[in-house]
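In: no sequence on this one, just coordinates:
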C-alpha cells in the first residue's frame, strides 16, 4: 500500500522543496507541481510533490493519519500484553 502525505513547503531551492510534516523535515522534488510556493501544502509520495492542496484539507488528512497511528499503537499494546 502506498501513502501520500500532506506536507508544508518551508523552503525552495532549485526545484527542490524542504517540506515539514508535523515537525519532521525532508526534501521533495517540486518539478511536478506548477506554481508551488513557500507556505503551500502539497501531497508528497516517494519524494515527489504531486499536487497542491489547501491547508484545511491538509490538516484534516494529517489528523486522520494521527488517529490511525494511535489506533494501531493501542492495538499493538493490547496484543503484546495478552
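Out: Alright, I've got the coordinates. All values derive from a computational prediction rather than experimental measurement.
In: ok, which stretches of the chain are strands?
Out: 5-13, 16-21, 24-29, 41-45, 48-53 (DSSP state E).
In: want to throw the ones you listed into a markdown table with mean pLDDT?
Out: Formatted as a markdown table, the strands of the chain follow (pLDDT from 0 to 100):
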| stretch | mean pLDDT |
| --- | --- |
| strand 5-13 | 96 |
| strand 16-21 | 96 |
| strand 24-29 | 96 |
| strand 41-45 | 95 |
| strand 48-53 | 95 |
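In: so which of the ones you listed is the most packed in?
Out: Among the strands of the chain, strand 41-45 has the highest mean neighbour count (mean count of other CB atoms under 10 Å), at a mean of 21. Bear in mind the C-beta positions are built from the backbone N, C-alpha and C, glycine included.
In: Neighbouring strands of that one in the sheet, and parallel or not?
Out: Using DSSP bridges, strand 41-45 pairs in its sheet with strand 5-13 (antiparallel), strand 48-53 (antiparallel).
In: residues contacting residue 44?
Out: 4-7, 19, 26, 28, 50 (CB atoms under 8 Å, 6 or more residues apart in numbering).
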